[in-house]
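Participant: fold the following, please.
(one chain, ligands or ions: 2)
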Amino acid sequence: MRRLKSIHGEWSSRGAFFLAATGAVVGLGNIWKYPYIAGQNGGGAFLLLYLLCLLLVGMPLRMAELLLGRRGRGSPPTAFHELAVDEGRWRAWAAVGVFAVVASLLILSFYSVIAGWGLDYMWMSAVGSYRGQSESAIQGVFSALNDEPWRLLMWHTLFMGMTTAVVSRGVQRGLERVARVFVPVLFILLAVLGLYAAVEGNIVKAVHYLFTPDFAALNGKVVLIALGHAFFTLSLGMGTMMAYGAYLPEDVSILRVSVWIVLADTLAALLSGIAIYPLVFAGNLPAMQGPGLIFTVLPTAYGHAKYGDAFGALFYMALVLAAWTSAIALLEPGVAWLVERGMARAKAAMVLGSVVWFLGLMTILSFNIWSGVLILGHSWFGLLDMLTGNLMLPVIGLLIVVFVGWMVAERSLRQELQFRRGVFRIWLSVLRYVTPVAMLLVLLNALGLIRG
Ligand code: PHE
Ligand code: NA
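Facilitator: Residues are numbered from 1 along each chain as shown. Ligands and ions are numbered 1, 2, ... in the order given. Got it, this is the predicted structure:
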């Protein structure tokens with residue numbers, strides 16, 4: 001088969017790709033979401049279940065996306081198109097790629113607003129605004145923030161500016177440079193924050209909460225939560241891994257690098273839990289808060305801990321860095337696509353950055369002025385979150401699995417993956433029979449057709 005070349009250039013090394021891809025996967029999902037869903041759903045038992053989901057669904061799909069990208073050497077629509085041509089399949093498969101690009105831009109539009117909260121909290125911690133405050137006072141601060149469209153807009157604009165600037169500089173000068181510096185910084189920060197929390201907080205209780213398996217808490221619903229989170233946290237079904245795979249040098253082993261990325265993602269989630277819970281328990285604060293955990297409970301905990309202002313600011317800095325490297329990955333597929341259609345990269349980044357910025361306004365307004373406006377019973381933010389996370393993501397993921405598992409010739413797959421025979425058979429069987437069933441379950445649950 002013909003060998004294609006990426007018009008966007010390639011990662012300069014395997015290490016560069018590893019850092020960029022790790023930056024893409026480690027995001028709000030790890031730092032904000034994992035700690036509270038694990039805590040709420042059985043601690044160590046949830047962890048085991050989640051690891052199983054990563055293995056059975058996350059890994060095979062991640063490899064499928066990387067393979068699709070590297071083989072097609074372009075943005076998701078292009079990669080699908082090239083492969084469909086090569087494999088003698090229907091060219092309309094490119095529509096899946098378009099869908100993936102749309103999903104990633106929609107996600108970015110609210111991801112950026114949440115990252116904006118992070119920026120606000122970083123600033124407020126640094127200037128000591130949370131010092132000695134009670135939890136209910138901080139809840140008030142949080143709702144006051146969301147009542148201020150201009151303040152949210154300022155942070156959202158800053159964050160989208162930071163993201164667009166990087167993407168407009170391209171693969172090596174933009175994406176790779178940021179990842180090389182800030183992904184290591186992010187992990188160092190998380191380690192320092194974990195250490196600080198272990199010393200200053202109640203580490204015994206936190207470890208117990210996060211790791212002691214409570215098998216009684218497991219049920220169908222928890223399985224679906226674990227599965228859904230496995231997709232989200234590995235950035236699957238949104239085309240980002242296809243785009244990053246398109247710049248992957250031929251000699252990098254997709255299996256090996258995927259294992260490392262999944263390990264790094266899991267490590268980030270666990271470190272984040274260790275950074276959060278010891279402080280929460282030391283302050284006798286409610287651990288079961290759910291989504292409000294890091295925006296109401298955690299600032300309260302830092303506000304009462306020694307040097308809490310400084311470490312609190314560092315925590316939100318870690319959050320922003322994680323979100324930033326993920327946001328870059330969410331913008332890249334669309335920009336790459338426009339570049340392939342003949343637009344200059346800087347212009348393409350500006351155009352899509354502005355579109356996303358504009359869409360973000362809707363999220364911002366849905367927190368205040370339009371908070372009474374419900375679409376299908378959801379606020380705009382809730383609707384986007386549900387539509388992308390529960391619907392688009394599993395559908396796109398499912399189509400990717402079907403395409404790679406059933407439409408691409410085994411010979412092409414084997415050539416691209418270079419697995420040993422046994423490994424290849426295992427991968428393909430899982431991809432064909434296990435992964436699609438799991439995705440279908442998530443989808444049916446999202447549609448309300450089955451109840452966990
Ligand atoms: N995986 C990221 C997280 O855990 C979210 C994300 C999804 C980032 C898709 C990029 C692309 O927060
Ligand atoms: Na993640």
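Participant: for the closest residue to residue 160 other than its chain neighbours, what are its contacts?
Facilitator: Distance criterion C-beta to C-beta, 6 or more residues apart in numbering; nearest residue to residue 160, sequence neighbours excluded, is residue 357 at 4.7 Å. Bear in mind the C-beta positions are built from the backbone N, C-alpha and C, glycine included. When contacts are counted by C-beta atoms under 8 Å, 6 or more residues apart in numbering, residue 357 touches 112, 156, 157, 160.
Participant: among these, which one has the most neighbours?
Facilitator: residue 112 (29 neighbours; other C-beta atoms under 10 Å).
Participant: which element is that residue on?
Facilitator: helix 94-126 (DSSP states H and E).
Participant: tell me the gap between that helix and the middle of its chain.
Facilitator: Offset of helix 94-126 from its chain centre (C-alpha atoms, centre = their mean, to the nearest Å): 9 Å.
Participant: could you report the distance from residue 299 to residue 329?
Facilitator: Distance, residue 299 to residue 329, by C-beta to C-beta, to the nearest Å: 28 Å.
Participant: my bad, should have said residue 313
Facilitator: 25 Å.
Participant: more neighbours: these two, which one.
Facilitator: Between residue 313 and residue 329, residue 329 has the larger neighbour count (other C-beta under 10 Å), namely 28 against 20.
Participant: circling back: spell out the secondary structure type for the residue nearest to residue 160.
Facilitator: Of the three states, residue 357 takes helix according to DSSP: H, G, I helix; E, B strand; the rest coil.
Participant: circling back: out of the contacts of residue 357, list just those in helices.
Facilitator: Taking DSSP state H as the definition of helices, the contacts of residue 357 contribute 112, 156, 157, 160.
Participant: now those as CSV including distance to ligand 2 and pLDDT?
Facilitator: As requested, the ones in helices among the contacts of residue 357 are exported to CSV (distance: C-beta to the ion, whole Å; pLDDT from 0 to 100):
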residue, distance to ligand 2, pLDDT
112, 16, 96
156, 21, 98
157, 25, 98
160, 20, 98
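Participant: biggest separation within those, which pair?
Facilitator: Across the ones in helices among the contacts of residue 357, no pair lies farther apart than 112 and 157, at 9.1 Å, counting by C-beta to C-beta.
Participant: hang on, the earlier thing: need the contacts of residue 357 in JSON lines (columns: distance to ligand 1).
Facilitator: Shown next, in JSON lines, are the contacts of residue 357 (distance: C-beta to the nearest ligand atom, whole Å):
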{"residue": "112", "distance to ligand 1": "12"}
{"residue": "156", "distance to ligand 1": "17"}
{"residue": "157", "distance to ligand 1": "20"}
{"residue": "160", "distance to ligand 1": "15"}
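Participant: ok, the residues you listed vs residue 419, which is closest?
Facilitator: Using C-beta to C-beta, residue 112 comes nearest to residue 419 of the contacts of residue 357, at 38.0 Å.
Participant: what's the separation between the closest one and residue 330?
Facilitator: Taking C-beta to C-beta, one finds residue 112 at 9 Å from residue 330.
Participant: what's the average pLDDT for the helix or strand where residue 64 lies?
Facilitator: Using DSSP H and E, residue 64 sits in helix 59-72. For helix 59-72, mean pLDDT is 93.
Participant: is it in proximity to ligand 1?
Facilitator: No - figure legend: helix 59-72 not in contact with ligand 1 (C-beta under 6 Å from any ligand atom); closest approach 11.0 Å.
Participant: what's that helix packed up against?
Facilitator: Packing contacts for helix 59-72, counted by 3 or more C-beta pairs under 8 Å, 6 or more residues apart in numbering; DSSP states H and E, involve helix 76-86, helix 240-246, helix 254-282, helix 393-402, helix 410-417.
Participant: lowest-pLDDT helix or strand in the protein?
Facilitator: The helix or strand of the chain with the lowest confidence, counting by mean pLDDT, DSSP states H and E, is helix 380-386 at a mean of 83.
Participant: show me what that helix is in contact with.
Facilitator: Outside helix 380-386, the residues within contact range by C-beta under 8 Å, 6+ apart are 106-107, 109-110, 113, 362-363, 365-367, 370, 373, 375-376, 378, 446.
Participant: got the buried residues for stretch 234-253?
Facilitator: Residues of stretch 234-253 classed as buried by neighbour count (16 or more other C-beta atoms under 10 Å): 234-248, 252.
Participant: likewise stretch 298-307?
Facilitator: 298, 299, 300, 301, 302, 303, 304, 305.
Participant: what's it in contact with?
Facilitator: 121, 124-125, 130-135, 138, 141, 196, 200-201, 276, 279-280, 282-283, 285, 308-309, 311-312, 315.
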